[in-house]
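Undergrad: Structure, please.
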Amino acid sequence: MNERAFWTKEISEMLKVGDSTLRKWCIALEKEGYTFTTGVRNSRAFIKRDIVVLEDLKLLLQESGMNLESTVRVTLSKHHSENMTDNNSNNAERTPLVLQENGSKIRGNTSIEYLKVQEQLLERVERLKNIEEKLDYRNKFLLETLQEIQDIKKIIAVTKEKK
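TA: Numbers count the residues shown, from 1 in each chain. I've put the predicted structure just below:
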């Protein structure tokens with residue numbers, strides 16, 4: 001099955017990131033065992049599954065606040081578990097992140113690692129919600145204080161006019 005391949009420039013425009021950022025992400029993915037199709041002079045050729053992984057990576061980087069290495073692991077774990085639950089796929093259609101060249105799994109227990117990272121993300125979300133609640137309370141308090149100050153200034157102005 002032949003798929004249309006895209007080059008770095010096209011993907012960086014598609015994802016709205018710089019070429020160097022895309023290269024950095026690809027290197028991080030490759031360090032974790034993900035393989036890209038390569039073209040002439042070993043340049044990366046991106047196919048649909050690569051684009052999906054990169055889009056997920058970008059989204060998670062923006063939302064999570066985690067470092068690149070952790071985000072790559074979560075993204076690969078997600079795609080690994082999606083591929084494991086897809087009963088209609090065969091090994092030839094599987095994403096390279098699931099199988100290395102020799103066919104062995106990349107990591108022994110990515111499900112547990114994925115769950116741990118998910119738990120950390122949930123804790124961060126809870127902390128952010130807590131911070132947001134505190135900021136809302138503070139903003140409400142500040143607005144009430146400003147209103148009181150304005151009321152006091154009005155009273156002072158009225159008192160000065162009477163004198």
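Undergrad: ok, now which ones touch the most centrally placed residue in the chain?
TA: Of all residues in the chain, the one closest to the mean position by C-alpha atoms, centre = their mean is residue 60, 1.0 Å from it. By C-beta atoms under 8 Å, 6 or more residues apart in numbering, the contact set of residue 60 is 66, 71, 74-75. To be clear about C-beta, it is placed using only N, CA and C from the backbone, and glycine gets the same treatment.
Undergrad: 10 Å - rerun?
TA: Contacts for residue 60 (C-beta atoms under 10 Å, 6 or more residues apart in numbering) come out as 66, 70-72, 74-75, 78, 117, 121.
Undergrad: Looking at the residues you listed, state which has the most neighbours.
TA: Neighbour tally across those (other C-beta atoms under 10 Å): the maximum, 28 neighbours, falls on residue 75.
Undergrad: wait, that residue sits on residue 63?
TA: No: counting by C-beta atoms under 10 Å, residue 75 does not reach residue 63; the two are 11.9 Å apart.
Undergrad: Who are the packing partners of the helix or strand encompassing residue 144?
TA: Using DSSP states H and E, residue 144 maps to helix 110-162. In terms of contacts (3 or more C-beta pairs under 10 Å, 6 or more residues apart in numbering; DSSP states H and E), helix 110-162 is packed against helix 48-64, helix 68-85.
Undergrad: make it 6 Å
TA: helix 68-85 (3 or more C-beta pairs under 6 Å, 6 or more residues apart in numbering; DSSP states H and E).
Undergrad: quick revisit: report the angle between the axes of the helix holding residue 144 and helix 48-64?
TA: Helix 110-162 runs at 40 degrees relative to helix 48-64, counting by axes from the mean of the first three to the mean of the last three C-alpha atoms, to 10 degrees.
Undergrad: Just give me how far helix 110-162 sits from the chain centre.
TA: Relative to its parent chain, helix 110-162 has a centroid offset of 26 Å by C-alpha atoms, centre = their mean, to the nearest Å.
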